[in-house]
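Undergrad: structure here, sequence nowhere to be found:
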């Protein structure tokens, strides 16, 4: 293969403009920002503003928009599908089935149809981790398809493709090693949007599986591809393909998409397991464990570690939920061995019990550092000490991406906790409850000076953009929401577990 620098020099000649349109043409809209600048969707979501609602096959891709249609993916009768829905009336315009393949193994909380599609002029690009890339036109005619070996991933693929000039860019981070090496097969690949042929590749041999979608950062010093991966965020020069800079210190498991504005890049990731604060409160974790105390003596014995017991990671979830705690093997013997080791690791005084004090002391161990950082452009190499504008280590979400709007950064995390941060200096302005508890997987989106926040339980909270916290409206869909909504000039499109909803401003 030709050196990446040569290929990139040709591939990006004359294509260094900002890599997105102003529409919601990819995951989280323009350049992954989550902001619809000219959108005027309804602030109050209720039955009177529900334009239509249609049933959908299951999937975890977010809705993506063209001028006339909404595009999604799903799994129908065991086959991966791409769907187009007419904006006007909610009718399915077309549904196309991907080639039959063995579905990749995914986490119980994920799905084989997790990446969102990418829309360009008269083209719709779909990436399935189980198959690869498929290109249709807006009327559903297949233009080309390219099988891609499924990367080895802890939880399944979820990164989505983005567009830059004539190329779609896909991050294929991989836990599998290169043959005869300890380096990974991870890479970034760009393909010609007209035929799917590879334009260039950038190896990422020190990276393992990740779930973040990349973005394009255009700043005073040029244009860079930004990729948040396991352990670090990196910036790649769009002319040469070389890694220009990086910032380490992030979790092994990174999910959110970076955002940029005012010549500054903002990147976030929680601690491993979802911890949002640098020193978490251990009490909720103990309360999650002590519910298994069958004899009510205020301690946990090894024989009480039965049923759905495991070491809690997200204590706000019920035992048995796939994200609740450390996964245990299904095999009974191996499961007992893991529980034995788990018990010994916390029972440090070897008295045969976990006491509250003993458990909470063990919880103070580190699992990485939660980070929201602001990066100035122009750096080279490790820029931790040279180009970080500020750093915040409180209330960092695990899955939702940050939202930059009107020089404020908004983040929502499990429990229904919303924080607003001054983008200039990193000062936390407010940290408030939304009165909509539970998990949050969907990223916040914004338009018309309001933020839309969707809980996994299906409650959508509308908050006024302001340094002071104010809830404008709440609406319970009574159907779980796991993915980020989309916005156009007058409509909010929400994908729930079973349906797609369109809430439209009444003109």
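TA: Yep, it's here. In this text the structure is predicted, and so the values were computed from the model without any measurement.
Undergrad: could you list the low-pLDDT ranges of the stretch 201-350 of the chain?
TA: 279-280 (pLDDT under 70).
Undergrad: what ranges does it have for its strands?
TA: With strands called from DSSP state E, counting those that start in this stretch, the stretch 201-350 of the chain shows them at 215-219, 222-229, 232-237, 243-248, 259-261, 264-269.
Undergrad: quick one: strands adjacent to the longest one?
TA: It refers to strand 222-229. With DSSP bridges as the test, strand 222-229 is paired with strand 215-219 (antiparallel), strand 232-237 (antiparallel).
Undergrad: for the fourth one, same thing?
TA: Sheet pairing for strand 243-248, assigned by DSSP bridges, gives strand 232-237 (antiparallel), strand 381-382 (parallel).
Undergrad: need the ones you listed in TSV (columns: distance to residue 80 and mean neighbour count).
TA: No exception for glycine: its C-beta is placed from N, CA and C like everyone else's. Below are those laid out as TSV (distance: least, CB to CB, whole Å; neighbours: other CB atoms under 10 Å):
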stretch	distance to residue 80	mean neighbour count
strand 232-237	30	22
strand 381-382	40	12
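Undergrad: out of the ones you listed, which gets nearest to residue 161?
TA: Ranking these by their distance to residue 161 (criterion: CB to CB) puts strand 232-237 first, at 15.9 Å.
Undergrad: so how far is that closest one off the chain centroid?
TA: Centroid separation between strand 232-237 and its chain, computed with CA atoms, centre = their mean, to the nearest Å, is 18 Å.
Undergrad: tell me the angle that strand makes with strand 264-269.
TA: Orientation of strand 232-237 against strand 264-269 (axes from the mean of the first three to the mean of the last three CA atoms, to 10 degrees) gives an angle of 150 degrees.
Undergrad: and the contacts of strand 232-237?
TA: Outside of strand 232-237, the residues within contact range by CB atoms under 8 Å, 6 or more residues apart in numbering are 188, 202, 217, 222, 224-227, 242-250, 258, 267, 375, 379.
Undergrad: now with 6 Å?
TA: 224-227, 243-248, 250, 267 (CB atoms under 6 Å, 6 or more residues apart in numbering).
Undergrad: buried subset of those, written for PyMOL?
TA: To isolate the buried ones among the contacts of strand 232-237 in PyMOL, judged by 16 or more other CB atoms under 10 Å, type:
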select buried, resi 224+225+226+227+243+244+245+246+247+250+267
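Undergrad: and of the contacts of strand 232-237, the nearest to residue 167?
TA: The closest of the contacts of strand 232-237, once distances to residue 167 are taken by CB to CB, is residue 225, at 10.7 Å.
Undergrad: which residue, neighbours along the chain excluded, lies closest to residue 176?
TA: residue 152 (4.2 Å; CB to CB, 6 or more residues apart in numbering).
Undergrad: that neighbour and residue 175 touch, don't they?
TA: Yes. Look at residue 152 against residue 175 with CB atoms under 6 Å: they come within range, at 4.2 Å.
Undergrad: the more surrounded of these two?
TA: residue 152 (18 against 15; other CB atoms under 10 Å).
Undergrad: before we move on, what SS does the more buried one have?
TA: coil (DSSP: H, G, I helix; E, B strand; the rest coil).
Undergrad: so what touches stretch 148-165?
TA: Stretch 148-165 has contacts (CB under 6 Å, 6+ apart) with 15, 19, 26-27, 104, 106-107, 110, 114-116, 118, 120, 125, 127, 129-130, 132, 168-172, 174-176, 209, 211, 213-214, 216.
Undergrad: swap in stretch 339-348?
TA: Residues from elsewhere that reach stretch 339-348 (CB under 6 Å, 6+ apart): 302, 305, 311, 354, 359, 362.
Undergrad: give me the residue ranges of this structure where confidence is low.
TA: In the chain, residues with pLDDT under 70: 1-22, 279-280, 362-368, 507.
Undergrad: circling back to that earlier point, for the strands of the stretch 201-350 of the chain, give me JSON lines that also has distance to residue 458.
TA: Formatted as JSON lines, the strands of the stretch 201-350 of the chain follow (distance: least, CB to CB, whole Å):
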{"stretch": "strand 215-219", "distance to residue 458": "28"}
{"stretch": "strand 222-229", "distance to residue 458": "28"}
{"stretch": "strand 232-237", "distance to residue 458": "32"}
{"stretch": "strand 243-248", "distance to residue 458": "36"}
{"stretch": "strand 259-261", "distance to residue 458": "26"}
{"stretch": "strand 264-269", "distance to residue 458": "25"}
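Undergrad: for residue 490, which non-adjacent residue is spatially closest?
TA: Excluding the flanking residues, the one nearest residue 490 by CB to CB, 6+ apart is residue 505, at 4.3 Å.
Undergrad: neighbours of that neighbour, how many?
TA: Counted with other CB under 10 Å, residues neighbouring residue 505 total 16.
Undergrad: that one reaches residue 42, doesn't it?
TA: Yes. If you go by CB under 6 Å, residue 505 and residue 42 touch, sitting 4.9 Å apart.
Undergrad: distance check, the residue lying closest to residue 99 once chain neighbours are set aside against residue 102.
TA: Using CB to CB, 6+ apart and skipping the chain neighbours, the partner closest in space to residue 99 is residue 131 (6.0 Å). According to CB to CB, to the nearest Å, residue 131 and residue 102 sit 10 Å apart.
Undergrad: please apply the same query to residue 62.
TA: Taken as CB to CB, the span from residue 62 to residue 102 is 25 Å.
Undergrad: got the strands paired with strand 243-248 as CSV, with distance to residue 493 columns?
TA: Shown next, in CSV, are the strands paired with strand 243-248 (distance: least, CB to CB, whole Å):
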stretch, distance to residue 493
strand 232-237, 29
strand 381-382, 41
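Undergrad: among these, which comes closest to residue 336?
TA: The nearest among the strands paired with strand 243-248, by CB to CB, is strand 232-237 at 37.3 Å.
Undergrad: which of residue 131 and residue 102 has more neighbours?
TA: Using other CB under 10 Å as the criterion, residue 131 and residue 102 rank with residue 131 on top: 22 against 8.
Undergrad: you'd agree that one is up against residue 100?
TA: No. Between residue 131 and residue 100 there is no contact, the gap being 9.1 Å when judged by CB under 6 Å.
Undergrad: identify the bridge partners of the closest residue to residue 392 other than its chain neighbours.
TA: Nearest residue to residue 392 in three dimensions, chain neighbours excluded: residue 372, at 4.3 Å (CB to CB, 6+ apart). In this entry, residue 372 is beta-bridged to residue 268, residue 392, by DSSP bridges.
Undergrad: for residue 372, list the residues it contacts.
TA: 268, 392, 396.
Undergrad: swap in 10 Å and give it another go.
TA: With contact set as CB atoms under 10 Å, 6 or more residues apart in numbering, residue 372 has these partners: 256, 266-270, 276, 390-397, 402, 409, 411, 419, 421, 426, 428.
Undergrad: ok so, going back, next, the residue nearest to residue 490: phi, psi?
TA: When read as degrees, to the nearest 10, the backbone of residue 505 gives phi -70, psi 130.
Undergrad: where along the stretch 251-400 of the chain do the helices fall?
TA: Using DSSP state H, counting those that start in this stretch, the helices of the stretch 251-400 of the chain run over residues 283-290, 332-346, 356-362.
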